[in-house]
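Asks: model the following, please.
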Amino acid sequence: MTRTILINGVRRNLTSAEETARDAEEAQAAIDKQARIDAETVITNNKTSGKAKLKSGDALTDAEVSALFGDN
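Replies: Model prediction:
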């Protein structure tokens, strides 16, 4: 199915160059979204690990301290 674009109230089909650019934008958006998800997962894992280490008395890594108490 051909994609369309609406400009100034006029709908037209995308050119092949515009479709290629749009595909690249969508691929980059997916990569960016996954990077954000991965970063959030790392922070969550560091919080969990840091809390467990605090309870057991073990030393925390810098990443765990940052995750628990923020960057100051």
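Asks: what mean pLDDT does the host helix or strand of T48 have?
Replies: Per DSSP states H and E: T48 is located in helix 16-56. When pLDDT is averaged along helix 16-56, the result is 95.
Asks: and it, what does it pack onto?
Replies: helix 62-69 (3 or more C-beta pairs under 8 Å, 6 or more residues apart in numbering; DSSP states H and E). All C-beta spots, glycine's among them, are computed from the backbone N, C-alpha and C.
Asks: let's see the helix it packs on as CSV, backbone CA atoms only.
Replies: Taking C-alpha atoms only, helix 62-69 is exported to CSV below (Å, rounded to 0.1, in the frame of the first residue of the first chain):
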residue,chain,number,x,y,z
ASP,A,62,28.9,3.5,41.4
ALA,A,63,26.1,2.6,39.0
GLU,A,64,24.0,1.2,41.9
VAL,A,65,24.6,4.3,44.0
SER,A,66,23.6,6.5,41.1
ALA,A,67,20.5,4.4,40.5
LEU,A,68,19.4,4.5,44.1
PHE,A,69,20.3,8.1,45.0
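Asks: by how many degrees do it and helix 16-56 diverge?
Replies: 90 degrees (axes from the mean of the first three to the mean of the last three C-alpha atoms, to 10 degrees).
Asks: off-centre distance for helix 62-69?
Replies: 20 Å (C-alpha atoms, centre = their mean, to the nearest Å).
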